[in-house]
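K.L.:
need the 3D shape of this:
(2 chains)
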Amino acid sequence: MLAFAILGAVSCVGCGGGTLDAEALSKQAEALQSVAAEGALLGQAAASGETTQTFAREHSAALSELAAKTQESLRGATTQPSLQPSLRRLTTLAADTTAALEQLGDATQAEQRELAAKLRAAADQAERIAGS
Amino acid sequence: MSLKSILAVALGILSAIGGFVDIGDIVFNVQAGATFGFQLLWAVVIGVIGIVVYSEMCGRVAAVAKRPVFDLVRERAGFGAGLTTLFASEVVNLMTCAAEVGGVAVCLKLLAGLPYRLLIVVAVVALIVCAWRLPFEWIERVFGYLGLCLLIFAVAAIKLHPDWGEVGRGLVPGSHAGGSTLVYLYFVVGLLGAAMTPYEVYFYSSGVVEDRWGPKDLRLNKVTAVIGYGLGGFLSFALMITAAMLFLPRGIDPELLGSPALAAGDTLGQIGLLLALVGILFAVGGAAIETCFSGAYNLAQFFGWRWGKFERPVRASRFTLSWLVIFALAMLVVMTGYDPVKLTEYAVIFSVVALPLTYLPILIVANDRTYMGSYTNGRVANAFGIAYLVIILAISVAAIPLMIVTNAGQG
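P.N.:
Below is the predicted model:
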């Protein structure tokens, strides 16, 4: 059962909020950037009729769960004073991304196009935070 | 070569292509492409040559000595080491089978939109019915042929117009640009592990015995291993190139099984999306049956039980019960809600640790005249076999430390 014990230990690395240093904050920003960018790609594909409705709904739901996990770990986190503005901005972005992804699956094509643009903007902002 | 033989070779190759790519290959190739672009294509080449070398060897051993791999593991390694190998391989088989079952359920969810846990049950019942009702060669063919829908990724890769010069440079091992070196090494280990995962040789060698191959079939064995796995590697290339073109520039780290399907949809529209999902569904479903049977083969061969799909279930009752129990346990693991993609990553890395215990006995027996008569390894097979054993030993030592240090490739 060593395999399952190591598996559990490794699974928990990076879990939870706690205090975030610059590197950890950057990692969270990268994770959010990835989810938002994939959401934007999905939104764009769905709006152009390149996916099925079922796929768009299910995949956006799965992505929104990932964004919600990031949001959850950011919400309870603290950081050094100089990084507070970035943490606040990232927490807001995570909430916006989660909400946009929740709406994406059942949206009309026009709304999907708007949501894709929103998610692309969120991905760009998260990328800037990750790089700062 | 008669028309019938040519047809048999063609069918074998087709099923090997579709059967080579499983959830481990999909996850690691797509993530490697999204993280390092084309820079890790060489690791696929190394992995494919390794699985060709050892599959040919264990197929030859099984055809000549009529003994599958695990039978020989116990005999050559002794009871204690054999039992350790059995335990390690059963844990890895169960983790892999659970990941594959989870993968099937995820694909069904993306196609049908029904609740995930219901689809896990549907997936397991459907796989058990297929495994119970279909003859051995039809299991290989049905899942192998429908797994060929994954060729849509080759179409997508070409349509995305990669820089073929860069692709060519990726085939040569060398220093990497971007990302950390430890994460790069983690992906090297993962790609080699995904290509050379032990259940493939357990299944392949037991399949040779099930299909009643003999020395006259050694050419078929060689051709199937070389072309089948070689073309399977081609599918891995296609997945990595597609991810490199679509995900890397956008900074997407694909963590979901739907991500590669999205790449196919974004490039080729709904038909691309659906073919990708069907391809993944059958490739992963076939691998679920293979891992499950591998687990049952290993147990039966180690304890000397009657085994085989060609036996009526009641005559090989402990073998049949074993694969049914493995499916049931796999279902319980994924029912916990553990992410199949994460489970896949861990299964592949743990399988790497078990690689030397699997491949060393094959190499030893393939050189033993008592078993092999005039069909022992030649110089080329031994040179490759030994070189790969060194590689396998190195990656088996590095696998778990790299997984911990890189947080399973997250950096």
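K.L.:
low-confidence stretches in chain A?
P.N.:
Along chain A, the parts satisfying pLDDT under 70 run over A:1-17.
K.L.:
how about 90 then?
P.N.:
Residues of chain A meeting the criterion pLDDT under 90: A:1-23, A:75-83, A:131-132.
K.L.:
in it, what residue spans correspond to helices?
P.N.:
Under the criterion DSSP state H, helices of chain A are mapped to A:2-11, A:22-47, A:53-75, A:84-104, A:109-131.
K.L.:
quick one: average pLDDT of stretch B:248-263?
P.N.:
For stretch B:248-263, mean pLDDT is 96.
K.L.:
close to chain A, is it?
P.N.:
Yes: with CB under 8 Å from any CB of the partner chain as the criterion, chain A is reached by stretch B:248-263 at B:250-256, B:258-259, B:261-262. C-beta: built from backbone N, CA, C; applies to glycine.
K.L.:
now these as TSV including distance to A:A47 and neighbour count?
P.N.:
As requested, the residues of stretch B:248-263 next to chain A are exported to TSV (distance: CB to CB, whole Å; neighbours: other CB atoms under 10 Å in any protein chain shown):
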residue	distance to A:A47	neighbour count
B:R250	17	17
B:G251	21	18
B:I252	18	25
B:D253	23	20
B:P254	21	23
B:E255	23	21
B:L256	20	22
B:G258	17	27
B:S259	18	27
B:A261	17	30
B:L262	13	29
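K.L.:
list the contacts for the nearest residue to B:G258 once chain neighbours are set aside?
P.N.:
Residue nearest to B:G258 in three dimensions, not counting chain neighbours: A:H59, with 4.3 Å by CB to CB, 6 or more residues apart in numbering or on different chains. With contact set as CB atoms under 8 Å, 6 or more residues apart in numbering or on different chains, A:H59 has these partners: A:42, A:51, A:105, B:110, B:256, B:258, B:262.
K.L.:
ok, now with 10 Å
P.N.:
Counting by CB atoms under 10 Å, 6 or more residues apart in numbering or on different chains, A:H59 makes contact with A:38-39, A:42, A:45-46, A:51, A:101, A:104-105, B:106, B:109-110, B:256-259, B:261-262, B:265, B:273.
K.L.:
pick out the most distant pair among the residues of stretch B:248-263 next to chain A.
P.N.:
For those, the maximum inter-member distance is 19.5 Å, found between B:G251 and B:A261 (CB to CB).
K.L.:
nearest to B:G33, of the helices of chain A?
P.N.:
helix A:22-47 (14.1 Å).
K.L.:
what's the angle between the closest one and helix A:53-75?
P.N.:
Inter-element angle recorded for helix A:22-47 and helix A:53-75: 160 degrees (by axes from the mean of the first three to the mean of the last three CA atoms, to 10 degrees).
K.L.:
could you list the buried residues of helix A:22-47?
P.N.:
Neighbour counts using 16 or more other CB atoms under 10 Å in any protein chain shown place A:24-47 of helix A:22-47 among the buried residues.
K.L.:
and that helix, what does it pack onto?
P.N.:
With contacts taken as 3 or more CB pairs under 10 Å, 6 or more residues apart in numbering or on different chains; DSSP states H and E, helix A:22-47 sits against strand A:19-20, helix A:53-75, strand A:78-79, helix A:84-104, helix A:109-131, helix B:258-303.
K.L.:
which one of the ones you listed lies nearest to B:P313?
P.N.:
Nearest to B:P313 among the helices and strands packed on helix A:22-47 is helix B:258-303 (11.4 Å), distances taken as CB to CB.
K.L.:
by contact count, what packs against the following helix or strand past that closest one?
P.N.:
Proceeding N to C from helix B:258-303, the next assigned helix or strand is helix B:317-335, under DSSP states H and E. With contacts taken as 3+ CB pairs under 10 Å, 6+ apart, helix B:317-335 sits against helix B:69-112, helix B:116-133, helix B:258-303, helix B:340-366.
K.L.:
if you count neighbours, what's buried in helix B:317-335?
P.N.:
For helix B:317-335, burial by neighbour count (16+ other CB under 10 Å) applies to B:319-320, B:322-324, B:326-327, B:330-331, B:333-335.
K.L.:
please consider this matter closed, and thank you.
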